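In: Take a look and give me a structure for this.
(one chain, ligands or ions: 1)
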Amino acid sequence: MLKLKDKWSDKVINIDQTKEFDFYLCGPDVYDHIHVGNARPIITYDILIRLLKELNIKYKYVHNITDVADKIINAAKQLGTTESELSEKYYNHYVEMFNRLNLIKPTVMPRVTDNINAIIKFVEEQLKKGTAYRTPNAVMFSANHIPNPRSYHQYTAYDLEEELEEYNKYKKDPRDFTLWRNTSDGDNWKSPWGNGRPGWHTECAFFVYHYFNGKTITMHSGGIDLEFPHHMCENAQFEGMTHHTMAEIWNYVGHIHIDGEKMSKSLKNTVTALDFINQYSTNALKYIMFSSNKEDTVNFTKELTNKAVDFSNKLKKYTPSNSVNETNKKLIIESLCNNLDIKTAFKVFEKALENNTLSTWEINLFGFTH
Ligand SMILES: [Zn+2]
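Out: Just a heads-up that it's a prediction; the model follows:
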């Protein structure tokens, strides 16, 4: 029985294996090479997809591409290129990374710029429902109008101060956030409220609503930083539209550290996934990801990288058997069914490699290349 933990309620949920597993994973802003932190969710939840296939559970996996955002506008300005050229380049890079990392592709990878008109309609619907209101330069979500507040109590504790002051000043409530921003900075589209573009939280709320027909999905995931404000603001819109919660399970992966420090552009310690796999290997990167619990911080150190390289070399030389060791299989499936306990399952893998009992079944289930 597959069980997954919902972080929001802290409850373990039993998955109905006869139903489709509806999964949404927030994707990246495409303006640069992805770093190892961006690779963590897609590598981690790739194991979930492989497990669903193994258990014959039908699934739908939606993973959005943010190709309009402040970061993209700023990067395009700095590089003297257009946003569409820049985002196209790094969208292609991202798709290529799915191949290089040997990951199962999502069922759909929708891009924001391909869906602007539908997103405008989604915002119009929220205005009609009364869960949004217009200001002189935006359409804002109205936090006062969440009908069925599963996330409400968590979300009320916060003030959404990250919004730009020009939008902030017209808010009726500190918890309100922009669904649509009127702006002429960067690419913008015509809307009933003026030229502009959707707010960040709008796109994912729309994609979940659209691709899963307004139903509560099985699981929504991403990096832990997305829990607030992004996921709570997505869920608030969805509840406003449908009067039910967006996801049964909210499940996250932890941070990435480099030698004990948070990875960030300002510290100049960012490691791209491409550089890492070119220097070492895809298998070495996966080894590092699978050596920690998915909620914990992964700390990239020289020592861990050396271990990962040894593992990768050993696996390369190994000749796997075609017959599956049933004890290994049982232990691995049991661990993965226990809230995707990849760390424990991977220990079984490593032991099997040591004892020469590893087969192609385990190699495929973990998505290693061989
Ligand atoms: Zn999202």
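
In: use CA for all of it now, contacts and neighbours both
Out: Fine.

In: For the residue nearest to residue 49 when sequence neighbours are not counted, grab phi and psi.
Out: Nearest residue to residue 49 in three dimensions, chain neighbours excluded: residue 104, at 7.5 Å (CA to CA, 6 or more residues apart in numbering). Per-residue torsions, residue 104: phi -70, psi 130 (degrees, to the nearest 10).

In: confidence score at residue 104?
Out: Residue-level confidence at residue 104 comes out at 98, pLDDT.

In: correct me, but it touches residue 98?
Out: Yes. At 7.2 Å, residue 104 counts as touching residue 98 under the criterion of CA atoms under 8 Å.

In: quick one: contacts for residue 300?
Out: By CA atoms under 8 Å, 6 or more residues apart in numbering, residue 300 lies in contact with 256-260, 288.

In: I'd like these as CSV, with pLDDT, neighbour count and distance to residue 61 appended.
Out: CSV is the format used below for these (pLDDT from 0 to 100; neighbours: other CA atoms under 10 Å; distance: CA to CA, whole Å):
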residue, pLDDT, neighbour count, distance to residue 61
256, 95, 23, 24
257, 96, 19, 28
258, 95, 16, 30
259, 94, 14, 33
260, 94, 12, 33
288, 98, 19, 24
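
In: In strands only, show me the residues you listed.
Out: Secondary structure from DSSP state E places 256-258 of those in strands.

In: Residue 242: which of those is nearest?
Out: Lowest distance from residue 242 to the ones in strands among the contacts of residue 300 (CA to CA) belongs to residue 256, with 35.3 Å.

In: How about the closest one, nearest residue that isn't a chain neighbour?
Out: residue 298 (4.9 Å).

In: Against the ion, how distant is the one you found?
Out: As judged by CA to the ion, to the nearest Å, residue 298 and the ion stand 22 Å apart.

In: what does residue 62 give?
Out: Distance from residue 62 to the ion, by CA to the ion: 11 Å.

In: which SSE is that residue in?
Out: Here residue 62, judged by DSSP states H and E, is contained in strand 59-63.

In: buried ones in the next helix or strand after that strand?
Out: The first helix or strand that comes after strand 59-63 along the chain, using DSSP H and E, is helix 70-79. Using 16 or more other CA atoms under 10 Å as the test for burial, helix 70-79 gives 72-73, 75-76.

In: what do you get for stretch 124-139?
Out: Applying 16+ other CA under 10 Å to stretch 124-139 flags 124, 126-127, 131-135, 137-139 as buried.

In: Quick one: end-to-end distance for that stretch.
Out: Length of stretch 124-139, first residue to last, CA to CA, to the nearest Å: 9 Å.

In: which other residues reach that stretch?
Out: Residues outside stretch 124-139 that contact it (CA under 8 Å, 6+ apart) are 123, 140-146, 167, 170-171, 178-183, 193-194, 237, 240-241.

In: Apply 7 Å and report the result again.
Out: Outside of stretch 124-139, the residues within contact range by CA atoms under 7 Å, 6 or more residues apart in numbering are 140-142, 145, 167, 170, 178-182, 240-241.

In: quick one on the thing from earlier: what's the strand holding residue 62 packed up against?
Out: strand 21-25 (3 or more CA pairs under 7 Å, 6 or more residues apart in numbering; DSSP states H and E).

In: so how far is the strand it packs on off the chain centroid?
Out: Averaged C-alpha coordinates place strand 21-25 at 10 Å from its chain's average position (CA atoms, centre = their mean, to the nearest Å).

In: Tell me what angle it forms with strand 59-63.
Out: Per axes from the mean of the first three to the mean of the last three CA atoms, to 10 degrees, the angle that strand 21-25 makes with strand 59-63 is 10 degrees.
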